[in-house]
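Q: Here is a sequence with its predicted model. Questions after.
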Amino acid sequence: YAGLKNAFRLAVERAREAQGLGVDDDPDELDPQSQADLAASFQKVAIRHLEDRLLRAIEWCSRLMPDDGADPSSRDEDPSVIDGSLTHRSKIRSLAVVGGVAANQAVRAKLSEICEAQSPPWQLVAPPPRLCTDNGVMVAWAGIEKLQLGVSDSIDPEDAKRDVRPRWPIGLELSECGWLDS
């Protein structure tokens, strides 16, 4: 959101100039209607960005794991490796949303709309909003879900040698990044 935050900062500066306020004046001096308009505009663009990224991810998943009715074990592809166990590729039909963003009603509504528009519809999974304010709670919740499924993460010293990519592009195969030997 770096570009969005910068655009928002510039929009606030323009609104302040239009109202004859200086840059160093109290931010609350901006009239309430302008504050509301700016906040609504920021939220609308942020949600549009989430929508775009989610639709790209859905498209990528549908290409990666086609729902063609064929027996997954009959495919020529290698099975996927997930959490150290071999599982055959299957169609994804749910979206989990956690953290502070999951507390936003407008975000939940848009994500729910996107999930319902899929054929067949996806399930939107999100904890109650009261649990969505602290990312630590979300990490713990994810851990509980994994434990209930009998899944755990292995601790492999080789993992420490891998690059961490905080802005991993959607749709990039691990083999394209050098994480998996070809």
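A: Nice, I can see it.
Q: how about the strands of the chain, start to end?
A: 80-82, 85-87, 94-96, 123-125 (DSSP state E).
Q: rank those strands by pLDDT, which is bottom?
A: Per-segment confidence across these bottoms out at strand 85-87, which has a mean of 34 in mean pLDDT.
Q: What is the least confident helix or strand in this structure?
A: When the helices and strands of the chain are compared on mean pLDDT, DSSP states H and E, strand 85-87 comes out lowest with a mean of 34.
Q: Grab the nearest non-local neighbour of residue 47.
A: Of all residues beyond its chain neighbours, the one nearest residue 47 is residue 110 (5.2 Å), with distances taken as Cβ to Cβ, 6 or more residues apart in numbering. The way it works is simple: take the backbone N, C-alpha and C, and place the C-beta from them, glycine included.
Q: number of nearby residues for the one you found?
A: The tally of other residues near residue 110 (other Cβ atoms under 10 Å) stands at 17.
Q: I'd like the distance between it and residue 29.
A: In this view, residue 110 and residue 29 are 32 Å apart by Cβ to Cβ, to the nearest Å.
Q: Same question for residue 145.
A: Distance of residue 145 to residue 29, given as Cβ to Cβ: 46 Å.
Q: Isn't the residue nearest to residue 47 up against residue 53?
A: No - counting by Cβ atoms under 8 Å, residue 110 sits too far from residue 53 to count as a contact (11.8 Å).
Q: Flag the shaky bits of the protein, pLDDT-wise.
A: In the prediction, the chain carries residues with pLDDT under 70 at positions 1, 23, 25, 27, 66-90, 134, 153-182.
Q: ok, longest helix in it?
A: If each helix of the chain is counted by residues according to DSSP state H, the longest one is helix 32-64.
Q: Can you mark which positions in it are buried?
A: When burial is assessed from 16 or more other Cβ atoms under 10 Å, helix 32-64 yields the following buried residues: 38, 42, 46-47, 50, 54, 58, 61.
Q: Which elements pack onto that helix?
A: Counting contacts by 3 or more Cβ pairs under 8 Å, 6 or more residues apart in numbering; DSSP states H and E, helix 32-64 packs against helix 2-18, helix 105-116.
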